[in-house]
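Visitor: Starting from these lines, generate the structure:
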Amino acid sequence: MSNAVKVFFSYSHKDEVLRDELANHLSMIKRQGVIEAWHDREITAGREWANAIDDNLNAADIILLLVSANFLASDYCCDIEMKRAMERHETREARVIPIILKPVDWSDAPFAKLQALPKNAKAVTTWQNTDEAFLNIVQGIRIVVEEMAKSKTSQN
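Guide: Sure thing, here's the model as predicted:
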């Protein structure tokens with residue numbers, strides 16, 4: 001049984017390039033065995049995709065909401081994944097982290113009360129250097145993972 005923190009990506013397929021970019025930036029902490037990241041493109045042939053998504057969403061320790069107009073326009077992202085993510089967040093089963101990919105009005109979204117990344121919730125695509133934005137996100141995720149590891153240790 002792995003001690004790695006399970007990370008779930010909730011995103012619109014229209015933002016897949018940015019999701020891949022974030023996954024690349026997370027690869028060092030993934031390689032260290034600190035996190036295991038999962039997104040729906042890992043569903044293999046013959047599996048029921050809704051079940052695979054539910055299983056991984058319900059097993060996740062951290063749920064990343066990759067926020068853009070595409071995400072907010074997606075019924076599946078908002079009505080299924082985000083709703084379940086926020087339920088798990090409210091019961092403290094998981095930590096939901098909004099990642100602001102593109103400028104969009106999310107001030108009334110259910111996750112608006114949560115601290116978002118990158119810093120100041122400045123959308124990744126508005127940074128002069130998007131690598132700096134992704135670095136800021138990864139540093140923020142690493143802090144959360146370390147907090148989770150400490151609380152697990154103190155519970156045992």
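Visitor: contacts and neighbour counts: CA atoms only from here.
Guide: Will do.
Visitor: could you pull out the strands for this protein?
Guide: Remark: strands of the chain, listed N- to C-terminal, are 5-10, 35-38, 62-67, 95-100; assignment by DSSP state E.
Visitor: Please identify the most buried of those strands.
Guide: Most buried of those, by mean neighbour count (mean count of other C-alpha atoms under 10 Å): strand 62-67, with a mean of 25.
Visitor: if I look at Ser151, how far off is Val145?
Guide: In this structure, Ser151 lies at 10 Å from Val145, with C-alpha to C-alpha, to the nearest Å as the measure.
Visitor: Same question for Lys6.
Guide: Separation of Lys6 from Val145 (C-alpha to C-alpha): 10 Å.
Visitor: shared neighbours of these two, anything?
Guide: Residues touching both Lys6 and Val145 comprise Ile35, with contact defined as C-alpha atoms under 8 Å, 6 or more residues apart in numbering.
Visitor: Report the contact partners of the closest residue to Trp38 other than its chain neighbours.
Guide: Closest residue to Trp38 in three dimensions, ignoring its sequence neighbours and counting by C-alpha to C-alpha, 6 or more residues apart in numbering: Phe8, at 5.1 Å. Residues touching Phe8, when contacts are defined by C-alpha under 8 Å, 6+ apart, comprise 37-39, 56-57, 60-64.
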